[in-house]
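Enquirer: Predicted model and sequence follow; I will ask about them next.
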Amino acid sequence: MFFTLILGKLAIKLACLAKKDISIGGKIASKLQKNILQRLKKKITGDFIFIVGANGKTTTRHLLVEIFEKEGLNTGNNHHSKDSYYGVLSALIEKIKIFGKTKVDYMVIEIKDITTLSLYKEIVPEYLIITNLIKEQLSRNGEFQSTIENLKTSLQSLENTTMIFNGDDPVVVNIGMDIKSHVIYYGIDDYNEDDVTEVKKCIRCGGKLNYEYLNYGQLGKYSCESCDLENPEIDYLATNVSLKDGIYFDLWTKGEEYPFDLPSQGYHNIYNILATLAILDELDIGIEAGELALEKIDIEDIFVDTFYIKKPIFLKEANSISSFEQGLEIIGEDEGKIDILFIFDDEDDEEEITFIYDCDWSVLDKGNVGKIYVSGDRAYDLGFCIRYLTNACKKIIVEENEETILNQAINGKGEKLYIVTKGDSDKNFEKTLVTMEKKWSKNKKWTGK
């Protein structure tokens, strides 16, 4: 075990220096030692928190880790690995001391692929959050219905795990109805007279699932005509929601009301915040501690850098494959009218760029996505991939000159612009945006070349 930990830690250190995915450390360790995950689990004490779902995993994990650290708690997480299984191995190897046991308060593990069911067998988490389970996001891993049934079967064995589920998602609630664990639900009550009713197919029986209103996607107030699937009693309920100039809502739980006024945006972030507050309360850290911490955390900073040049611009410098995928996930959580610019540069190794065919590009098919700009040395590789894997052909504009396409994107019709870069041009590109922002701020106008 000693030799395995040494090599694993060395591989992780080298991967970090090279700005590569650290899951290589877990891969090496798994080849050197049988039952490596169980052995690593025995060397660490503390509660495990798993976060599962199609969207919101990264934000929820980020919020929890930030708040735990502000509370002075010893925390570990798999923030810089794209792979669920080897990524967890690497996160443990990175955290564990070579000699003796390692005491942590919480290990926060984002399960990036819910089909990685072996994790539930080898590590039984004390807490498990399911943010949402959206067909368009999960069907790429196989047939959606069988994926959900497999997940349900796996969770049925976790009788001592506290489950924290999104009660506004009928797919998640369908799972909660059939497991023996203690299930806690969070959700949003935001009914108004202008809401339009909708009908979808019930995942439980195939009948009509009637919605009084939808917050976004499949999340809302629902009930099935043919079975007992409906919104459960919500333990952490957001009411009086306002999305004007940030997020405002009143949180009701255990007979108490807590007002929240935060500098963020979107229903998706309310759900992420509710999941975070629910587990903080269940851990006896408290709603008040969560409120104080959230006031100091800019949720949008998860996208790293924010600029304002004619419109809000969010820059994600993806130094690894996992970081690139997280950029796609965060873009997918924005329901506003947006444009997207990808800068894909200097990937000399052909195998290095094949990861783009494993990414979930379904976000680009969403109706709120306007133009998709693609540039950089490997622009045509990325453009071909997007055309092949999505229905967004008519949205794509490919241009090798980065300055030209940046001007086009800034002057586009999107209310916001998301930029994801991967390659050697990241730092220079950030400097370009800083210069442009200063020019815009000074002149109060923008004229592209």
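Expert: Ah, there it is.
Enquirer: Would you state the secondary structure element containing the nearest residue to Tyr357 once chain neighbours are set aside?
Expert: Nearest residue to Tyr357, sequence neighbours excluded (CB to CB, 6 or more residues apart in numbering): Cys385, at 5.9 Å. Every residue, glycine included, has its C-beta placed from N, CA and C. Taking DSSP states H and E as the criterion, the element that holds Cys385 is helix 379-389.
Enquirer: I'd assumed Arg204 was in a helix, is it?
Expert: No. Per DSSP: H, G, I helix; E, B strand; the rest coil, Arg204 lies outside any helix segment and is coil.
Enquirer: ok, back up a step: please look at the residue nearest to Tyr357 and Asp358 and confirm they touch.
Expert: No. Using CB atoms under 8 Å as the test, Cys385 is too far from Asp358 to be in contact (10.2 Å).
Enquirer: Mind checking which of those two has more residues around it?
Expert: More neighbours surround Cys385 than the other of Cys385 and Asp358, with 19 against 11 (other CB atoms under 10 Å).
Enquirer: and the gap between that one and Pro263?
Expert: 35 Å (CB to CB, to the nearest Å).
Enquirer: Could you give the bridge partners of Leu315?
Expert: Here Leu315 sits in beta bridges with Asp305, Ile419, going by DSSP bridges.
Enquirer: mind checking how far the closest residue to Pro263 other than its chain neighbours is from Ile338?
Expert: Using CB to CB, 6+ apart and skipping the chain neighbours, the partner closest in space to Pro263 is Gly246 (4.9 Å). Counting by CB to CB, the separation of Gly246 from Ile338 is 18 Å.
Enquirer: Ala275 now?
Expert: Plainly put, Ala275 is 24 Å away from Ile338 if you go by CB to CB.
Enquirer: Pick out whichever of those two has more residues nearby.
Expert: Ala275 (28 against 22).
Enquirer: which SSE is the more buried one in?
Expert: Per DSSP H and E: helix 267-282 holds Ala275.
Enquirer: Kindly spell out which helices and strands sit in contact with that helix.
Expert: Judged by 3 or more CB pairs under 8 Å, 6 or more residues apart in numbering; DSSP states H and E, the packing partners of helix 267-282 are helix 57-70, strand 127-130, strand 162-166, strand 183-188, strand 208-216, strand 236-242, strand 247-253, helix 287-294.
Enquirer: Rebuild these as a markdown table, extending it with distance to Gly332, mean pLDDT and mean neighbour count.
Expert: Below are the helices and strands packed on helix 267-282 laid out as a markdown table (distance: least, CB to CB, whole Å; pLDDT from 0 to 100; neighbours: other CB atoms under 10 Å):
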| stretch | distance to Gly332 | mean pLDDT | mean neighbour count |
| --- | --- | --- | --- |
| helix 57-70 | 10 | 89 | 22 |
| strand 127-130 | 17 | 95 | 26 |
| strand 162-166 | 16 | 97 | 25 |
| strand 183-188 | 19 | 96 | 24 |
| strand 208-216 | 11 | 88 | 18 |
| strand 236-242 | 21 | 93 | 18 |
| strand 247-253 | 18 | 92 | 19 |
| helix 287-294 | 22 | 88 | 18 |
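Enquirer: Tabulate the ones you listed (JSON lines), appending distance to Gly100.
Expert: Shown next, in JSON lines, are the helices and strands packed on helix 267-282 (distance: least, CB to CB, whole Å):
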{"stretch": "helix 57-70", "distance to Gly100": "23"}
{"stretch": "strand 127-130", "distance to Gly100": "26"}
{"stretch": "strand 162-166", "distance to Gly100": "29"}
{"stretch": "strand 183-188", "distance to Gly100": "35"}
{"stretch": "strand 208-216", "distance to Gly100": "48"}
{"stretch": "strand 236-242", "distance to Gly100": "38"}
{"stretch": "strand 247-253", "distance to Gly100": "40"}
{"stretch": "helix 287-294", "distance to Gly100": "31"}
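Enquirer: Which one of those lies nearest to Leu229?
Expert: With CB to CB, the closest approach to Leu229 among those belongs to strand 208-216: 7.1 Å.
Enquirer: how distant is the helix or strand following that closest one from the center of its chain?
Expert: Sequence-wise, the next helix or strand downstream of strand 208-216 (DSSP H and E) is strand 219-224. Distance of strand 219-224 from its chain centroid, counting by CA atoms, centre = their mean, to the nearest Å, is 23 Å.
Enquirer: got it, and stretch 222-240?
Expert: On the basis of CA atoms, centre = their mean, stretch 222-240 sits 24 Å off its chain's mean C-alpha point.
Enquirer: Same question for it: list its buried residues.
Expert: The neighbour-count check on stretch 222-240 (16 or more other CB atoms under 10 Å) flags Tyr222, Ser223, Cys224, Leu229, Asn231, Pro232, Ile234, Asp235, Tyr236, Leu237, Ala238 as buried.
Enquirer: Who is the residue lying closest to the last one once chain neighbours are set aside paired with across the strands?
Expert: Counting by CB to CB, 6+ apart, the nearest residue to Ala238 once its immediate chain neighbours are dropped is Phe249, at 4.2 Å. In this structure, Phe249 has beta-bridge partners Phe260, where bridges are defined by DSSP bridges.
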